[in-house]
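Participant: I'd like to go over a predicted model; first the sequence, then the structure.
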Amino acid sequence: MTKTSIQVDHIARIEGHGNVHVVIKDGVVETVEMNVVEPARLFESMVRGRSYTEVSYISSRICGICSASHVVTDLKAIERIFGVRPTDRTRALRELLIYGSYLQNHATHLFVFAAPDFVGLPSVFPLAESDPALLEQALELKALGNELCTKVGGRSVHPITAVVGGFTHEIEASEYLELADKMDAMVPFVLKTVDLFDSFDVPDIATEGDMLAMVMDDYYPIECSDTARFLKAGIEFDANDVDDHIEEYPVPHSGALLARVKDTGAPYMTAALARINASWANLSSQAKVAAAKAGLRPPEKNPFMNNVAQAVELVDALDRCAGICRALASGAVAGSSEPVEFEVKAGRGVGFTEAPRGALFHDLTLDGEGKVVHASIMTPTAQNVANLEADMRQLAERLSGEGRPEDSIRLEIEKLVRAYDPCLSCSVH
């Protein structure tokens with residue numbers, strides 16, 4: 001009997017702490033575990049009893065990258081309870097705010113976390129020496145994301161200007177135009193980024209799980225819809241009905257709850273790849289051409305292609321945000337961004353956005369004074385772990401069947417984990 005035990009203690013170049021445990025006996029994969037070893041952070045308990053005015057500021061601390069998404073998701077949940085309808089201008093600003101975190105996240109993940117895998121380097125530091133211009137442009141892109149979040153949200157992390165029904169501050173038209181010009185100037189670099197990640201060799205696998213993404217007719221939505229779709233099962237649902245369609249469950253080896261499709265029992269992936277599959281036709285023209293050139297067309301089921309999908313989203317985000325900024329500067333976006341009037345009410349509402357790493361749900365119940373009675377949060381990484389384990393099993397079986405040595409299998413599994421771009425700290429919110 002031949003037994004191979006692959007243990008990776010502390011996966012490098014991801015956010016948070018996690019281990020991988022894989023056991024292969026006589027070519028058969030017996031155990032695959034993604035051990036999320038982060039302790040519970042109790043954000044759902046922290047907001048209980050707090051006023052609706054405080055909730056978004058507290059939950060934004062779940063993540064330093066996706067903080068804008070947590071703020072907007074909470075605000076959407078509260079607005080569904082109060083019956084608030086934000087203006088088109090407020091929605092445009094919220095979209096810019098979330099896209100700022102896309103620029104921050106995707107640039108960091110692709111060049112600091114993922115790229116070293118494909119150029120045979122242990123970290124980003126040798127890359128900084130071998131190709132300093134490449135890394136410098138990547139950092140410029142992240143800085144642009146920081147600037148966008150600062151201009152719209154009041155600061156680069158944990159925004160403070162977004163409130164129920166609007167924003168407390170908005171920049172001048174000249175600043176929007178300056179941002180738009182900077183975004184246009186970064187497009188050639190991100191187009192090269194798509195080509196770069198398309199050039200990397202990856203294992204040929206196809207996830208057997210489902211995919212989940214926000215959907216909307218004739219648009220690439222990240223904030224402006226409340227409708228989610230399981231692409232394989234063909235199930236669409238309103239965010240308020242999330243508990244009817246997604247089931248969370250505990251496992252002994254993980255500090256995070258795992259998730260599956262309630263109707264089918266299947267695990268699922270929610271990420272840039274799921275969004276591209278759901279809304280490919282609604283990408284900007286430059287992004288669509290870049291995706292097609294890279295062979296990224298739906299249905300794309302290889303989870304390693306999430307890296308390429310993130311690069312394509314960078315093209316789309318820059319195109320889209322430049323257009324939004326110019327429309328805001330010209331006054332073409334209707335309405336004011338000042339908070340609208342509303343009445344505090346008791347009730348339940350679920351906010352839903354597409355955070356950089358995937359679908360994010362905040363389920364809030366408020367009492368008549370607007371204080372939180374119950375809160376439940378589903379982060380993208382927590383939803384992804386079960387599907388990641390299934391993909392790791394498939395990959396290990398493939399590589400073991402090819403007779404790959406243990407070190408090679410270990411490296412490819414680590415690359416797969418990083419392709420998912422997990423934030424394990426967020427998964428134990």
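Facilitator: The structure has been received and is ready for your questions. Remember, predicted model here, so these are calculated numbers, not experimental data.
Participant: what sits up against stretch 123-135?
Facilitator: Applying CB atoms under 8 Å, 6 or more residues apart in numbering, the external contacts of stretch 123-135 come out as 12-13, 111-113, 115-116, 119, 121. The C-beta positions use only the backbone N, C-alpha and C, and glycine is treated the same way.
Participant: who's in contact with the residue nearest the centre of the chain?
Facilitator: By CA atoms, centre = their mean, the chain has its centre lying nearest to Arg357, at 1.5 Å. Arg357 is in contact with 66, 105, 270-271, 379-381, 384, 421-423, 426, counting by CB under 8 Å, 6+ apart.
Participant: next, format the residues you listed as JSON lines and append neighbour count.
Facilitator: Shown next, in JSON lines, are those (neighbours: other CB atoms under 10 Å):
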{"residue": "Cys66", "neighbour count": "28"}
{"residue": "Asn105", "neighbour count": "25"}
{"residue": "Thr270", "neighbour count": "28"}
{"residue": "Ala271", "neighbour count": "30"}
{"residue": "Thr379", "neighbour count": "31"}
{"residue": "Pro380", "neighbour count": "27"}
{"residue": "Thr381", "neighbour count": "31"}
{"residue": "Asn384", "neighbour count": "32"}
{"residue": "Asp421", "neighbour count": "27"}
{"residue": "Pro422", "neighbour count": "28"}
{"residue": "Cys423", "neighbour count": "27"}
{"residue": "Cys426", "neighbour count": "27"}
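Participant: please flag which of those residues sit within helices.
Facilitator: 105, 380-381, 384, 426 (DSSP state H).
Participant: quick check: the farthest pair among these?
Facilitator: Asn105 and Asn384 (14.5 Å; CB to CB).
Participant: now render the contacts of Arg357 as JSON lines, adding distance to Glu172 and pLDDT.
Facilitator: Output for these, formatted as JSON lines (distance: CB to CB, whole Å; pLDDT from 0 to 100):
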{"residue": "Cys66", "distance to Glu172": "28", "pLDDT": "87"}
{"residue": "Asn105", "distance to Glu172": "27", "pLDDT": "96"}
{"residue": "Thr270", "distance to Glu172": "37", "pLDDT": "98"}
{"residue": "Ala271", "distance to Glu172": "36", "pLDDT": "97"}
{"residue": "Thr379", "distance to Glu172": "35", "pLDDT": "97"}
{"residue": "Pro380", "distance to Glu172": "34", "pLDDT": "97"}
{"residue": "Thr381", "distance to Glu172": "37", "pLDDT": "97"}
{"residue": "Asn384", "distance to Glu172": "40", "pLDDT": "98"}
{"residue": "Asp421", "distance to Glu172": "35", "pLDDT": "96"}
{"residue": "Pro422", "distance to Glu172": "39", "pLDDT": "94"}
{"residue": "Cys423", "distance to Glu172": "34", "pLDDT": "93"}
{"residue": "Cys426", "distance to Glu172": "34", "pLDDT": "92"}
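Participant: hang on, Ile81 is in a helix, isn't it?
Facilitator: Yes - remark: Ile81 belongs to a helix, assigned using DSSP: H, G, I helix; E, B strand; the rest coil.
Participant: can you count the residues close to Gly351?
Facilitator: 29 (other CB atoms under 10 Å).
Participant: helix/strand/coil for it?
Facilitator: Relying on three-state DSSP, one would call Gly351 strand.
Participant: hang on, it packs against Ala359?
Facilitator: No - the criterion here is CB atoms under 8 Å, and Gly351 misses it with Ala359 at 11.3 Å.
Participant: keep only those of the contacts of stretch 123-135 that are in strands.
Facilitator: Among the contacts of stretch 123-135, no member falls in strands (criterion: DSSP state E).
Participant: CA atoms only for the helix or strand of the chain with the lowest mean pLDDT, dumped as PDB, please.
Facilitator: The weakest-scoring helix or strand in the chain, judged by mean pLDDT, DSSP states H and E, is helix 124-130 (a mean of 76). Provided in PDB are the C-alpha atoms of helix 124-130 (Å, rounded to 0.1, in the frame of the first residue of the first chain):
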ATOM      1  CA  VAL A 124       6.800  38.900  -4.600                       C
ATOM      2  CA  PHE A 125      10.100  40.300  -3.400                       C
ATOM      3  CA  PRO A 126      12.300  38.500  -6.100                       C
ATOM      4  CA  LEU A 127       9.700  39.700  -8.700                       C
ATOM      5  CA  ALA A 128      10.300  43.300  -7.500                       C
ATOM      6  CA  GLU A 129      14.000  42.800  -8.400                       C
ATOM      7  CA  SER A 130      13.600  40.900 -11.700                       C
END
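Participant: name the residues of that helix that are buried.
Facilitator: Going by neighbour count (16 or more other CB atoms under 10 Å), the buried part of helix 124-130 is 124, 127-128.
Participant: where's the nearest residue to Thr381 once chain neighbours are set aside relative to Tyr52, distance?
Facilitator: Among residues not flanking Thr381 along the chain, Ser427 sits closest, at 4.1 Å (CB to CB, 6 or more residues apart in numbering). Ser427 sits 25 Å away from Tyr52, going by CB to CB, to the nearest Å.
Participant: the more surrounded of those two?
Facilitator: Ser427 (28 against 23).
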